[in-house]
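Student: take this sequence and fold it.
(chains A and B)
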Amino acid sequence: MYRYFTSFYPVKSNVHKLNPVVKLICLLILIVLTFITSSIKLEVLMLFVTAYLCFSSNVPLRHYFNTLYGLRYFFILLLVLLAARGLYLENALIILIKIVSVMLYLDMIFYTTSPSEIKYGIEKLLTPFNIFNVNTSPVINKLVNAITFFPLLFSTEREVLINASSRGLDYTYADIVSRFFVIIASFKNTFRLTVEKMRKQKLSSYLRGYSSSKYRTNLRTNKVGFYDIILLLVHTFFIIYYIFERGVL
Amino acid sequence: MEIVFENVTYKENIKTPLERTYLKDVSFSLNENKVYTFLGDSKSGKEKLGSLINATSFPYKGYVQIGKFINDGRYIKKVNNLRMNIGYVKKNPLDFEINNLVKNELTFGLKYFKYKIKKEQVRSLEALKLVGLSEEVLNKKISSLTIRERKLLSIASSLIFNPEVIILEEVTMFLLEKDKENIKRLIRIMQEKYGKKIILITKNTDFAYEVSDEIYLVNNGKIVKCKKSVLTDESILTSNNLNTPKIVDFINEANKKEANLTYTSNILDLIKEVYRNV
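Tutor: Here you go, the predicted structure:
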């Protein structure tokens, strides 16, 4: 079983048990604070909390590192661009911490929250729109489809590459250049198969009673527990810290 | 082509909470060109044998020797020389297809194994006919086929490049009775006339009872070589979460009423036995 960014990691942990709505609210707080603050202390504090959550999620840390490792060229390019613009190392470091913090948090959310829970969380977050009689279900569906598309694409690609290998288009023992060409050669089929699988998933969710044209209620109820309150308090502390540091109050 | 498993352990998700051992210190060898059947229930670990022989996955410990090639996790030089001699049919045809059109799917192996064949179309038609598909299928899109036709197509695309070893994973799944009869006949021809080594990986004891020469029971990652008569032993099969073949069930029931039927794997032989003894 192989894990990719945005795929769910099914193990037991306190982070897995957290309420998806609380997780999404905390994610929003973290993203907003990360991009508006310029305090390195707050950044490091948020990174520390994110790292703690990742550590206690029981998901092997190498999966988190893999995501960051996958972004290595992006980081290098970013540093080069920042250096070209004459930015100091300290400021470049803050920008890097911001990106790492958000990526780790997103990773943690996806590894510890199943797609159905994410759907539930987004649905609950968008409930205020119901007052204005806005049908949010299609938007939620599209968002969740976008989230589930990439793990499905990567797992399908793996299947295709293994099958192609067993019939002569070798990937497993190929060098990096050949692998690149193998991926290019098989990508069209991978994409087609992924779309086909997505269609089947849509159909099965429809057959199980989900209709995007109607407002629906979740049978599952997620209670807000002790750890949810702690997590919310920690994020509220971040907001208060930011407000005090800015000297608004 | 000799296949040897030497102290093979196969694991996935190593050193993570999802770590699972599929095969535990397994050793056996398949020397002759026979029909070998690996019987076991779901999650017994048998599903990993095919990919280890095909060198698309690597053992955690030990090694798999396939002819002159060794799969122990290290680089295999000219791996296509190994894979062109192994036709691997997966359980689910949807996990197997990699092309949009039937003709491309059929000729995929020929193309990448660099077969010098000018009459690709003739060979494709022959492969389709061999598994019981009509010629009209050749120019169709795979997505327009039924799951049964897709399964037969996956068998045809593995047989088309004439491999020495044929691995059939749950070959009877999605097929009709007439297809099963056709596959049985095909297996016999492949093994007896063309001297192929057939490896069946299945939990279908009925099919295994009719076509197998040697039986290996797979349970919880362990593999034990057994005589074919193991398929007549209800207690062993039940302890391995397997069903007793229907023919054996019938003979056991008849023998309880002193019919004195001998165990036969063929339904016609069984009818003769009944005619003689009952």
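
Student: in contact with B:Ile259, which residues are there?
Tutor: In this structure residue B:259 is Ala, not Ile. If a contact means CB atoms under 8 Å, 6 or more residues apart in numbering or on different chains, then B:Ala259 has B:274, B:277-278 as its contacts. Backbone N, C-alpha and C define where each C-beta goes, glycine included.

Student: same list (those residues) but as JSON lines, adding distance to A:Thr136 and secondary structure.
Tutor: What follows is those, written out as JSON lines (distance: CB to CB, whole Å; DSSP: H, G, I helix; E, B strand; the rest coil):
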{"residue": "B:Val274", "distance to A:Thr136": "68", "secondary structure": "helix"}
{"residue": "B:Asn277", "distance to A:Thr136": "73", "secondary structure": "helix"}
{"residue": "B:Val278", "distance to A:Thr136": "71", "secondary structure": "coil"}
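
Student: may I ask which of those residues has the most neighbours?
Tutor: Ranked by the number of neighbours (other CB atoms under 10 Å in any protein chain shown), the contacts of B:Ala259 place B:Val274 first, at 15 neighbours.

Student: now the residue in chain A that chain B sits nearest to. Its backbone dihedrals?
Tutor: For chain A, the residue closest to chain B is A:Gly168, as judged by CB to the nearest CB, at 2.7 Å. Here the main-chain torsion angles of A:Gly168 (degrees, to the nearest 10) amount to phi 110, psi -20.

Student: distance of it from B:Leu101?
Tutor: Between A:Gly168 and B:Leu101 the distance is 18 Å, computed by CB to CB, to the nearest Å.

Student: now for the nearest residue to the residue of chain A closest to chain B once chain neighbours are set aside, how many residues are close by?
Tutor: Residue nearest to A:Gly168 in three dimensions, not counting chain neighbours: B:Tyr112, with 2.7 Å by CB to CB, 6 or more residues apart in numbering or on different chains. B:Tyr112: 19 surrounding residues under other CB under 10 Å.

Student: repeat that for the one 10 residues further on.
Tutor: Applying the criterion other CB under 10 Å, we find 10 residues in the vicinity of B:Val122.

Student: repeat for A:Leu87
Tutor: Neighbour tally, A:Leu87, other CB under 10 Å: 15.

Student: that one and A:Leu81: what is the separation?
Tutor: Using CB to CB, A:Leu87 is found at 9 Å from A:Leu81.

Student: got phi/psi on the closest residue to chain A within chain B?
Tutor: As assessed by CB to the nearest CB, chain A sits closest to B:Tyr112 within chain B, at 2.7 Å. The main-chain torsion angles of B:Tyr112 are listed as degrees, to the nearest 10 and equal phi -80, psi -20.

Student: show me the residues around it that make contact.
Tutor: By CB under 8 Å, 6+ apart, the contact set of B:Tyr112 is A:164, A:167-169, B:80.

Student: who wins for most neighbours among these?
Tutor: Highest neighbour count within these, by other CB under 10 Å: A:Arg167, with 26 neighbours.

Student: roughly how far does that one sit from A:Ser7?
Tutor: When A:Arg167 is compared with A:Ser7 (using CB to CB), they lie 27 Å apart.

Student: that older thread, so who does the residue of chain A closest to chain B touch?
Tutor: B:80, B:83-84, B:108-109, B:111-114.

Student: could you list every residue that touches B:Lys228?
Tutor: Contact analysis of B:Lys228 by CB under 8 Å, 6+ apart lists B:209, B:212-215.

Student: now swap in A:Leu93 and tell me
Tutor: For A:Leu93, the contacting residues are A:Ile40, by CB under 8 Å, 6+ apart.

Student: same question for A:Leu42.
Tutor: Applying CB under 8 Å, 6+ apart to A:Leu42 gives the contacts A:33, A:238, A:241-242, A:245.

Student: relative to A:Arg179, how far out is B:Lys111?
Tutor: Note on B:Lys111: its distance to A:Arg179, by CB to CB, is 19 Å.

Student: A:Phe75 too?
Tutor: Relative to A:Arg179, A:Phe75 is positioned 22 Å away (criterion: CB to CB).

Student: what residue is smack in the middle of chain A?
Tutor: Within chain A, the residue whose C-alpha comes closest to the C-alpha centroid is A:Leu106; the distance, by CA atoms, centre = their mean, is 3.7 Å.

Student: so that one touches A:Cys26, yeah?
Tutor: No: counting by CB atoms under 8 Å, no contact exists between A:Leu106 and A:Cys26, whose distance comes to 11.7 Å.

Student: read off the pLDDT value for the closest residue to B:Asn85 other than its chain neighbours.
Tutor: Spatially, and ignoring its direct neighbours in sequence, B:Asn85 is nearest to B:Glu164 (4.4 Å; CB to CB, 6+ apart). Looking at B:Glu164, its pLDDT stands at 92.

Student: likewise for A:Phe5?
Tutor: pLDDT for A:Phe5: 65.
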